[in-house]
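Trainee: how would this look folded up:
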Amino acid sequence: MRLVVTGREGQVAASLLEAGREDVKVIAIGRPQLDLARRGTVIEAITAAKPDIVVSAAAYTAVDQAEDEPELAFAVNAAGAGEVAQAAARLGVPVIHLSTDYVFDGTKDGPYLETDATAPIGVYGASKLAGEQAVASANPRHLILRTAWVYSPFGKNFAKTMLRLASDRDEIPVVADQWGNPTSALDIADAILHAARVHRNEDLAAWGIYHLAGTGETNWSGFARHILDTSGGLGGPSARVRDIAATDYPTKARRPANSRLSSAKFASVFGWSAPVLQKSAREVVRRLLSR
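Mentor: The predicted structure is shown next:
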């Protein structure tokens with residue numbers, strides 16, 4: 001099976017490249033051959049890669065910058081994602097598209113379900129929601145996987161930032177009134193490979209939207225403490241974490257106060273759940289410290 005993933009430089013693409021197994025050849029494509037902001041490059045690049053399944057992982061993820069660049073955010077996250085799904089449809093293959101908790105406004109008291117109403121509160125979330133709609137319209141054989149708070153040994157992410165800050169600070173202020181499910185990109189890659197095999201081997205008619213997030217909920221400051229406590233226990237940098245409110249750390253774009261996602265539907269249909277937070281985070285921290 002040839003699994004082609006867009007966004008060669010991203011956390012999920014890097015995790016998939018590493019996780020590829022004997023029965024799955026992972027091929028990552030990205031700029032300049034495939035540029036979601038440049039119409040015409042997408043179909044050519046995907047066709048040349050000869051996929052059995054396309055994983056649409058490339059995205060515009062600069063949440064604050066998107067407020068100043070809405071045209072670019074929508075070009076990449078909406079029109080570009082739609083082109084990826086269309087390219088897969090032309091080749092007669094499924095598309096697995098990664099989306100985000102930012103499609104919700106964060107006001108629900110409890111984890112979000114796939115059936116909950118979407119209501120993005122910023123340009124980034126609105127562009128990703130438009131991307132979901134474009135993907136579903138372009139290719140009926142789609143899995144749209146909403147995830148949240150992604151971290152990994154690759155790229156820029158919260159876990160890596162906390163370890164960097166702890167290397168030269170005694171105390172780090174971290175927001176304590178935003179909640180979610182930290183999700184390892186290593187786990188996302190494993191889930192994608194599992195879902196790809198299920199669809200290939202069992203021909204399930206289980207297309208649609210799913211939530212795919214880490215097992216265990218916390219706030220940003222709690223996640224930071226866990227990362228730094230784990231690091232300290234492994235001989236790496238550590239620091240005190242001081243709780244602050246989101247209003248103490250103003251950003252151009254608003255963030256959902258509640259990003260918790262229920263992944264029960266994915267677990268029921270595909271028989272896969274993420275490891276507990278402690279196990280996933282320890283593996284990421286261990287690998288970051290070994291570099």
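
Trainee: C-alpha only now, for contacts and for neighbours.
Mentor: Noted.

Trainee: residue ranges with poor pLDDT in the stretch 151-291 of the chain?
Mentor: Counting by pLDDT under 70, the stretch 151-291 of the chain has low-confidence residues at 200-205.

Trainee: shouldn't Arg286 be in contact with Ser231?
Mentor: Yes - look at Arg286 against Ser231 with Cα atoms under 8 Å: they come within range, at 7.5 Å.

Trainee: who's more crowded, the two?
Mentor: More neighbours surround Ser231 than the other of Arg286 and Ser231, with 23 against 16 (other Cα atoms under 10 Å).

Trainee: so the more buried one makes contact with Pro237?
Mentor: Yes - Ser231 lies in contact with Pro237 (Cα under 8 Å); the separation is 6.0 Å.

Trainee: which residues are common contacts for those two?
Mentor: Residues touching both Ser231 and Pro237 (Cα atoms under 8 Å, 6 or more residues apart in numbering): Leu163.

Trainee: dig out what Thr215 forms beta bridges with.
Mentor: With DSSP bridges as the criterion, Thr215 is bridged to Val276.

Trainee: that one: neighbour count?
Mentor: When neighbours are defined as other Cα under 10 Å, Thr215 has 20 of them.

Trainee: how far does stretch 22-29 sit from its chain's centre?
Mentor: Once both centres are worked out by Cα atoms, centre = their mean, to the nearest Å, stretch 22-29 turns out to sit 19 Å from its chain's centre.

Trainee: could I get it in CSV with only the CA atoms?
Mentor: Taking C-alpha atoms only, stretch 22-29 is exported to CSV below (Å, rounded to 0.1, in the frame of the first residue of the first chain):
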residue,chain,number,x,y,z
GLU,A,22,6.7,-3.4,5.4
ASP,A,23,3.1,-3.4,4.1
VAL,A,24,2.9,0.4,3.9
LYS,A,25,5.2,2.6,1.9
VAL,A,26,4.9,6.2,3.1
ILE,A,27,5.7,9.0,0.6
ALA,A,28,5.8,12.6,1.8
ILE,A,29,5.3,15.4,-0.7
